[in-house]
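>>> Return a 3D structure for these sequence lines:
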Amino acid sequence: VSADQLRTVIDGSPIGMGIVGADLHWTQANPALCAMLGLLPSDAVGRPVIEMVHPEDRGTVARLEDLLFAGEAVVRSVKRRYVAANDAVVWTNVTARLIHEPEASAPMALFMIEDITERWHAEEQARLTEERFRHATLAISAIQDPAAVIPAVLRSARETLGSQCAAIAAYAEDGSVLQV
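Residues are numbered from 1 along each chain as shown. This is a model prediction of the structure:
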């Protein structure tokens, strides 16, 4: 594959892609990567990768890139957060592959960066709901008084579902409806 063909593939890719030199600076960033991070290509090219990475994930940069450029792995993948120009956190799957261009004096890496922010938020919401459900189940199973089970289940459902289910009734100790 020629350098021009590689550039055409990168620029036309629907996912974020770019080339990183051994100095860990971007040498090329495609429109999808720039859009994902809210940057112009001129803002990305020449910039250190680590500057765009979320501070808590900067250690993954060293691990991934060190292994990659040391030749210990041809392809490496990690989940990594980037910080967009508007300070929004962008969750990504990053796959990097070491490439050797005949014209280049030093190795380079091709980065393929998939924005998984929406999926990450959905998975986090599902995890939190599951955790609340687990706590509610344990609390309800500890109730000894059968008459207290239904109000406890409804209270737990309101707490677990929150505003998503405002129509769950609240009951008084005598079983009368307090709110709907």
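
>>> centre of the chain versus the longest helix seen in the chain, how much separation?
In the chain, assigned by DSSP state H, the helix with the most residues is helix 117-141. Taking Cα atoms, centre = their mean, to the nearest Å, the mean C-alpha location of helix 117-141 is offset from the chain mean by 18 Å.

>>> can you give me the helices in the protein?
Ranges of helices in the chain, per DSSP H, are 3-12, 31-37, 41-44, 49-52, 58-69, 117-141, 149-161.

>>> would you turn those helices into TSV with distance to Y82?
For the C-beta atoms, the positions are set from N, CA and C on the backbone; glycine is no exception. Formatted as TSV, those follow (distance: least, Cβ to Cβ, whole Å):
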stretch	distance to Y82
helix 3-12	18
helix 31-37	6
helix 41-44	11
helix 49-52	5
helix 58-69	11
helix 117-141	10
helix 149-161	32
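
>>> pLDDT-wise, which helix or strand of the chain ranks last?
strand 170-171 (a mean of 58; mean pLDDT, DSSP states H and E).

>>> re earlier: helices or strands up against the longest helix of the chain?
Of the remaining helices and strands, those touching helix 117-141 by 3 or more Cβ pairs under 8 Å, 6 or more residues apart in numbering; DSSP states H and E are strand 89-99, helix 149-161.
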